[in-house]
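**Student:** Sequence below, structure please.
(one chain, ligands or ions: 1)
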Amino acid sequence: MTKPQASGLSDQPFFFRCINESCKSEFDIGRKLYQCPDCSNLLDVVKNHSNIDVEKLKKLFRQRRASNNPLDISGVWRYRELLPFLEEDLAHVVTMGEGNNPVLETPRCAEYAGLDRLRVKHLGWNPTGSFKDYGMTVAVTQARKLGSRVVACASTGNTSASMAAYCARANLRAVVFIPKGQIAFGKLSQTMDFGALTLQIQGDFDVAMSLVQELSKETDLYLMNSINPFRLEGQQTVMIELFDQLDWKIPDRIVVPGGNLGNSSSYGKILMELKELGFIDKVPRLTIIQASGAAPLHRTLVTSSGQLVPVQDAWTLASAIKIGRPISWKKALRALDFTDGWCDVVSEQEIADAKAVLGSDGIGCEPASATTVAGLKKLLKLSQSHDHEVSMDPDEDVVAILTGHQLKDPEYTVNYHLDNLYQHASYENRIVEKSGKLNSTFANKPIVVEPDKKKIISLLEL
Ligand code: F0G
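**Tutor:** I've put the predicted structure just below:
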């Protein structure tokens, strides 16, 4: 096969490059490409940053927080000098003020995990309630720039909600492929509300993903999953924004849930870039946490084969990360390699309890996000018993990335607190079949009372 446009691009401001070290083919950034046409590996966006003055840019980023320009308000486009767009491309930007998510102290979680201090950055406080908005604003902007008419994604619910919203804003036709009956209701309601064509596929996420990939090869559909390198470019700004918020004092460790592995891959890439450009001189260790029933990256890591060990019929109640064949596994391995990181697993019980402890800190999140706190507790315990590859100290400066809003999946939370959360249950208005009950260790059950003041006063012991 000839290598189309495999040379002469290195002097362009931006271009695609195959991540395969023995291929490294380069392609024009204006093409709708997701994988290398030569060797099928994933592609990176390479940015030839010229005239970057690190200290000046750090100041400019900070000044923009006081501006009312929509590009400056966005926690993605505020950092536009580090994104693959030229000044003249910015007319295509579709933004909803995404980003700007706070970094919060979580003292109860810290104590639960055994850490001196733990902070979380809550990406669930985005316009559509998940971290996907960081990547979607960039991918939809690129879709507009390319003149796409129809865009599509497979999703466990959050990518589809985000894509539907940004496409509505941009007047683009959106088609979402979701596994029927396997996504949280809040997310399903969003795609319907935002006017996306919602295809409920009779299969799991992995089936939907390969279907939409094939369709994007055979038709003009522009694919918006994280296999699209522009999605990852947007998600990288989570790290830039975090470091900006921390006054560029770089934490020792960043913990993030792992599903399709787009987020962790994007963090790895920007950490490489920020180090190379001189924005940071220390690299935080990336720790990816998966649910034990959907842990292909963990399996891949422990087998050290360099080949993905997929999980057939991946399963977890944290439906956002119910994925057995993650698209970005090679980029995630690269991220772990560069940051001296690790991927571990947690059980359903550990996820459920960690989510309740986050709740006790006043912070709601999706089950998938709670894997971070559960993972920290596990790693610290293992590390103290000197029984693990990872060493971790209680006084490490750790930031956990929370990825989705609590109200995406309220059913999970209610069932936990009602002591009614089952690993396997099928519902038809009421539970008809159930097994594998989880313990509601920190249940906070509501109490039914008569509308009687005296009784309430005595109940409250006032
Ligand atoms: N947390 C939440 C809330 C998610 O929605 C996802 C992924 C992840 C974590 C995992 O992130 O895929 O980058 O490793 N959700 C995708 C979706 C798959 O379709 O909404 P990842």
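**Student:** which helices and strands sit right next to the longest helix along the chain?
**Tutor:** Longest among the helix segments of the chain by residue count, using DSSP state H, is helix 367-384. When contacts are defined as 3 or more C-beta pairs under 8 Å, 6 or more residues apart in numbering; DSSP states H and E, helix 367-384 sits against helix 107-113, strand 118-122, strand 253-257, strand 285-291, strand 342-346, helix 348-360, strand 398-402. Using the backbone N, CA and C atoms, a C-beta is placed for each residue, glycine as well.
**Student:** Nearest to the ligand, out of these?
**Tutor:** Closest approach to the ligand among those (C-beta to the nearest ligand atom): strand 253-257, 4.1 Å.
**Student:** that older thread, can I get the helices and strands packed on helix 367-384 in JSON lines including distance to the ligand and mean neighbour count?
**Tutor:** What follows is these, written out as JSON lines (distance: least, C-beta to the nearest ligand atom, whole Å; neighbours: other C-beta atoms under 10 Å):
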{"stretch": "helix 107-113", "distance to the ligand": "17", "mean neighbour count": "20"}
{"stretch": "strand 118-122", "distance to the ligand": "11", "mean neighbour count": "24"}
{"stretch": "strand 253-257", "distance to the ligand": "4", "mean neighbour count": "27"}
{"stretch": "strand 285-291", "distance to the ligand": "8", "mean neighbour count": "27"}
{"stretch": "strand 342-346", "distance to the ligand": "11", "mean neighbour count": "24"}
{"stretch": "helix 348-360", "distance to the ligand": "12", "mean neighbour count": "22"}
{"stretch": "strand 398-402", "distance to the ligand": "8", "mean neighbour count": "27"}
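**Student:** Pull out the buried residues from the longest helix of the chain.
**Tutor:** 367-380, 382-383 (16 or more other C-beta atoms under 10 Å).
**Student:** correct me, but P326 touches N263?
**Tutor:** No. Using C-beta atoms under 8 Å, P326 is not in contact with N263; the gap is 10.9 Å.
**Student:** Which helix or which strand is home to N51?
**Tutor:** Applying DSSP states H and E as the criterion places N51 outside every helix and strand.
**Student:** what angle separates the longest helix of the chain from strand 253-257?
**Tutor:** If you take axes from the mean of the first three to the mean of the last three C-alpha atoms, to 10 degrees, helix 367-384 sits at 130 degrees to strand 253-257.
**Student:** any low-confidence regions in the stretch 1-150 of the chain?
**Tutor:** 1-7 (pLDDT under 70).
**Student:** tell me the contacts of the residue in it that the ligand sits nearest to?
**Tutor:** Relative to the ligand, the nearest point of the stretch 1-150 of the chain is S130 (5.1 Å; C-beta to the nearest ligand atom). Taking C-beta atoms under 8 Å, 6 or more residues apart in numbering, we find S130 in contact with L123, G124, N158, A161, S162, E366, T403, G404, H405, K408.
**Student:** For the spatially closest residue to C153 that is not a sequence neighbour, which residues are in contact?
**Tutor:** Of all residues not flanking C153 in the chain, M224 sits nearest, at 4.3 Å (C-beta to C-beta, 6 or more residues apart in numbering). Residues near M224 by C-beta under 8 Å, 6+ apart: M136, A139, V140, A143, V151, A152, C153, T159, M163, R231.
**Student:** how much space between M224 and T159?
**Tutor:** 7 Å (C-beta to C-beta, to the nearest Å).
**Student:** so what sits against both of those two?
**Tutor:** In contact with both M224 and T159: M136, C153, using C-beta under 8 Å, 6+ apart.
**Student:** quick one on the thing from earlier: phi first, then psi, for the residue of the stretch 1-150 of the chain closest to the ligand.
**Tutor:** With angles defined as degrees, to the nearest 10, S130 sits at phi -150, psi 170.
**Student:** again with E26
**Tutor:** According to degrees, to the nearest 10, E26 has phi -110, psi 140.
**Student:** That one and L9 touch, don't they?
**Tutor:** Yes. Contact criterion C-beta under 8 Å: E26 and L9 qualify, at 4.3 Å.
**Student:** Who has more neighbours out of those two?
**Tutor:** Using other C-beta atoms under 10 Å as the criterion, E26 and L9 rank with E26 on top: 22 against 18.
**Student:** what separates the more buried one from S265, distance-wise?
**Tutor:** 20 Å.
**Student:** Then V212?
**Tutor:** Counting by C-beta to C-beta, the separation of V212 from S265 is 19 Å.
**Student:** what's the answer for A208, then?
**Tutor:** 20 Å.
**Student:** Equivalent analysis for E111, please.
**Tutor:** E111 is 32 Å from S265, by C-beta to C-beta.
**Student:** okay, now the domains of the chain?
**Tutor:** 14-47, 51-127+229-462 (automatic domain parsing).
**Student:** G75 contacts F131, doesn't it?
**Tutor:** No. Judged on C-beta under 8 Å, G75 makes no contact with F131 at a distance of 11.1 Å.
**Student:** Pick out whichever of the two has more residues nearby.
**Tutor:** Just comparing G75 and F131: by other C-beta under 10 Å the higher neighbour count belongs to F131, 33 against 26.
**Student:** Can you name the residues that contact the more buried one?
**Tutor:** F131 touches L123, G124, N158, Q235, V238, N263, I401, T403, G404, counting by C-beta under 8 Å, 6+ apart.
**Student:** Please apply the same query to L261.
**Tutor:** S226, I288, L297, P326, I327, S328, W329, K331, A332.
**Student:** Wasn't the third one part of a helix?
**Tutor:** Translated: L297. Yes. Under DSSP: H, G, I helix; E, B strand; the rest coil, L297 sits within a helix.
**Student:** Could you find the closest non-adjacent residue to it?
**Tutor:** C343 (4.8 Å).
**Student:** for the fourth one, same thing?
**Tutor:** Counting by C-beta to C-beta, 6+ apart, P326 lies nearest to L261, which is 4.3 Å off, once chain neighbours are set aside.
**Student:** List of residues touching stretch 75-85?
**Tutor:** Contacts of stretch 75-85 (C-beta under 8 Å, 6+ apart): 13-14, 29, 45, 47, 49, 52, 57, 60-61, 64-65, 70-72, 90, 93, 95, 98-101, 134, 137-138, 141, 230, 233-234, 236-237, 240-241, 244, 270, 273.
**Student:** how far away is the residue nearest to P326 from K330?
**Tutor:** 9 Å.
**Student:** And for W77?
**Tutor:** From W77 across to K330, the span is 28 Å (C-beta to C-beta).
**Student:** for L82, same thing?
**Tutor:** 23 Å.
**Student:** Equivalent analysis for L221, please.
**Tutor:** 24 Å.
**Student:** Likewise for H386?
**Tutor:** 31 Å.
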